[in-house]
Structure formats: structure tokens, C-alpha cells
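[1] sequence first, predicted model second:
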Amino acid sequence: MLATVFCIGITLGSGMGYGFKQATDLMPSKSASAVTQRENQNFGLAEYIRLEPSMTLAQVESILDRGVEVERSETTTTYIWRNASDSSITVVFKNGKLTRKTQVNLK
């Protein structure tokens, strides 16, 4: 009896594992999005300066184009924009409004 239950458990577990792997293989990864983004982005210090407190994500994306969401909590979301030169802008939104911005190596 125990052997039968064990075999059924192994069989079901294997099937669920296979299904999970298939599902995750179809999901786009954030790292792939970030790499693609680097090839398409070209912003500088001028665009960074235009970012103001209380801007919405849509307003920021109208300046920088689409960013990559890297972190989310109940009230806060963090996005990053990267150039091919490895310069970047990170923006934190709280309740949908820009509350903090940082930049690395912008010219």
C-alpha cells in the first residue's frame, strides 16, 4: 500500500514539475527585456533632469521610453532604464508618483 502511494506521488510530482517547467519556459525573462532595452535606449543627463517629483509612470515613459520593472511592493514600484553604454536611470514610484530618481554615468 505504501509503495503504491509513493509511486502515485512520484508520478504526480513528476507531471507537475514538467508542467511548471513548460509554463516557465514560455514566460519572458526580465533579464532578456533588459538586454533588449539597452539596444534601443539612448537618453542622457538632459532627460534625467526633466524627471520631476509626482510624475506618473506614463509621463516618465514619454521622456525615457519603456522601462523595466525591477521591484514591487504594496505601494512602491522601481523601474530602471539602461543605455548600451551601461549608463542608467532608476526611478521609484510610490502610489504611482515619482518619489526618487538616481542616475549612473549619464552624460
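    Structure received.
[2] where does the chain dip in pLDDT?
    1-40 (pLDDT under 70).
[3] swap in 80 and give it another go.
    1-41 (pLDDT under 80).
[4] now the strands for it?
    Remark: strands assigned in the chain by DSSP state E are 68-72, 76-82, 88-94, 97-104.
[5] show me what the last one is packed up against.
    If you count contacts as 3 or more Cβ pairs under 8 Å, 6 or more residues apart in numbering; DSSP states H and E, strand 97-104 packs onto helix 45-50, strand 88-94. Heads up, the C-betas are built off the backbone N, CA and C, glycines and all.
[6] most packed of the ones you listed?
    Comparing the helices and strands packed on strand 97-104 by mean neighbour count (mean count of other Cβ atoms under 10 Å), strand 88-94 ranks first with a mean of 19.
[7] who touches that one?
    43, 47-48, 51, 56-57, 60, 64, 67, 70, 75-82, 98-106 (Cβ atoms under 8 Å, 6 or more residues apart in numbering).
[8] A58 versus G96, what's the distance?
    As judged by Cβ to Cβ, to the nearest Å, G96 and A58 stand 10 Å apart.
[9] same drill for these two, tell me which one is more crowded.
    Applying other Cβ atoms under 10 Å to G96 and A58 shows that G96 carries more neighbours, namely 12 against 8.
[10] thinking again about what came up before, now a PyMOL select for only the buried ones of the contacts of strand 88-94.
    Command for PyMOL that selects the buried part of the contacts of strand 88-94, burial taken from 16 or more other Cβ atoms under 10 Å:
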select buried, resi 43+47+48+51+57+60+64+67+77+78+79+80+81+82+98+101+103+106
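[11] and stretch 52-65, how far apart are its ends?
    End-to-end distance of stretch 52-65: 16 Å, with Cα to Cα, to the nearest Å as the criterion.
[12] cool, and stretch 92-107?
    End-to-end distance for stretch 92-107, by Cα to Cα: 21 Å.
[13] may I have the phi/psi pair for the nearest residue to L45 once chain neighbours are set aside?
    Residue nearest to L45 in three dimensions, not counting chain neighbours: L106, with 4.4 Å by Cβ to Cβ, 6 or more residues apart in numbering. Main-chain torsions, L106, degrees, to the nearest 10: phi -80, psi 150.
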